[in-house]
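In: Show me how the following folds:
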Amino acid sequence: MAGSRKKRRTTIRRKKKKSITTIVSVLIFLISYFGDKYNLGQKGMPSDDTYRVLNVSDGDTVTINDHGEKRKLRLYGIDAPEKDQEYGMESRQYLYNRIQGKDINIDFMSKDRYGRDISIIYISGENINETMLKEGYAWWYKEYSKKDVQYKIYEQKAKSGEKGLWSKKNPVPPWDFRNKDKKKKN
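Out: Below you'll find the predicted structure:
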C-alpha cells in the first residue's frame, strides 16, 4: 500500500512538472511571437520630446540638438553607402532633404561601440529609417536588426522596383566597401 501511494505521488509530481513546463513554454512563445506587435520586444515608442537636426553626416548618421547638447545618432536597422562610395552622396542628400533643420521624434534603442545612439527617427509620425529602405537609399543591416524582417521586405521592394541605389548595376553593400577600404590601408 505504501509503495502505491509513493508511486501515485511521483506520478502527480511528474504531471505537475510537465504542466508547468508546458505553461512556461507557451508563455515564452506568446511573448516572442506577439512581443514586437505590441512593443514588448526591443523597440519602444518615439519620445514625446522633439529634437532639432543639426547635421546629416551621411545616409545613416545625424547630429541633433538635445537640449543644448550635440548628440550623434546612428539610424537603427539600416546601412547607407559611405560618402566616398557610389551612391553615398545621393543617400546623404536624400536624408538631408527629409530632416535637416527639422524637429524630429526619436526612439532611442541602444549605443554603438562609437558612443552614438542607435535610434529610429520619426518626422510627423513617419519612420525615416524605413523610408530610407523603401526609397532605395540604404541596405537592411541584418547583422544588427535580424528580427526586423519588415526591413528586408522594404529593401526587396526597392530592389525589384530599381529605386535609388538599386538602379545601379551592382551596388556594393557598405560593409563590403568598408572591408575593402580596410584591406587597402593594411
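In: Name the residue closest to the centre of this structure, please.
Out: The structure's the chain has its C-alpha centroid closest to residue 77; by CA atoms, centre = their mean the separation is 3.0 Å.
In: what's the burial count for the closest residue to it other than its chain neighbours?
Out: For residue 77, ignoring the flanking residues on the chain, the nearest one in space by CB to CB, 6 or more residues apart in numbering is residue 145 at 3.7 Å. The C-beta positions use only the backbone N, C-alpha and C, and glycine is treated the same way. Close neighbours of residue 145, defined as other CB atoms under 10 Å, add up to 21.
In: who's in contact with residue 145?
Out: Contact analysis of residue 145 by CB atoms under 8 Å, 6 or more residues apart in numbering lists 76, 77, 151.
In: do you know how far the residue nearest to the centre of the chain is from residue 52?
Out: Using CB to CB, to the nearest Å, we find residue 77 at a distance of 23 Å from residue 52.
In: can you check residue 138 too?
Out: Residue 138 is 23 Å from residue 52, by CB to CB.
In: Those two: which is more packed in?
Out: More crowded of residue 138 and residue 52, by other CB under 10 Å: residue 138, with 32 against 14.
In: wait, what's in contact with the residue nearest to residue 165 when sequence neighbours are not counted?
Out: Nearest non-adjacent residue to residue 165, counting by CB to CB, 6+ apart: residue 87, 4.2 Å away. Applying CB under 8 Å, 6+ apart to residue 87 gives the contacts 81, 137, 164, 165, 168, 171.
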